[in-house]
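A.B. asks: Here is a sequence together with a model predicted from it:
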Amino acid sequence: MEQVIEKGFSCLKVGGHMSVITFHSLEDRIVKRAFVALKEKGLVKILNKKPIIPTQDELKINPRSRSAKLRLIEKI
């Protein structure tokens, strides 16, 4: 997972955004740590402090989305 994030990040231009949707807590932890590591190097700005999760309306329409978490970064 970290390798995918690194390769995807290297393809971004300055101002480009990367978003990752995870469905398991282990995946989410990996993505969070990778994004924080990039931030500490001064390479990115984390666009959402907490992950974006589905709303109650979304859960009514799509119950399988209950574990989804979206994280976003912007290359600086």
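C.D. replies: Cool, the structure landed.

A.B. asks: in this structure, which spans are strands?
C.D. replies: Secondary structure of the chain by DSSP state E: the strands cover 17-22, 44-46, 69-75.

A.B. asks: The shortest one pairs with which strands?
C.D. replies: Same thing as strand 44-46. The pairing partners recorded for strand 44-46 under DSSP bridges are strand 69-75 (antiparallel).

A.B. asks: Quick one: mean pLDDT over the strand it pairs with.
C.D. replies: When pLDDT is averaged over strand 69-75, the result is 98.

A.B. asks: Relative to the whole chain's centre, how far out is it?
C.D. replies: Counting by CA atoms, centre = their mean, to the nearest Å, strand 69-75 is centred 4 Å from the centre of its parent chain.

A.B. asks: Can you list the neighbours in contact with that strand?
C.D. replies: 9, 12-23, 28, 31-32, 35, 38-39, 43-48, 51-53 (CB atoms under 8 Å, 6 or more residues apart in numbering). All C-beta atoms are positioned from the backbone trio N, CA, C, and that covers glycine.

A.B. asks: what about F35, how many neighbours?
C.D. replies: Residues near F35, counting by other CB atoms under 10 Å, number 21.

A.B. asks: Now for it: which residues touch it?
C.D. replies: By CB under 8 Å, 6+ apart, the contact set of F35 is 5, 44, 46, 71, 73.

A.B. asks: ok, those residues vs D57, which is closest?
C.D. replies: R71 (21.3 Å; CB to CB).

A.B. asks: what are the bridge partners for that closest one, then?
C.D. replies: Beta-bridge pairing of R71 under DSSP bridges involves V20.

A.B. asks: how close does it sit to K7?
C.D. replies: 17 Å (CB to CB, to the nearest Å).
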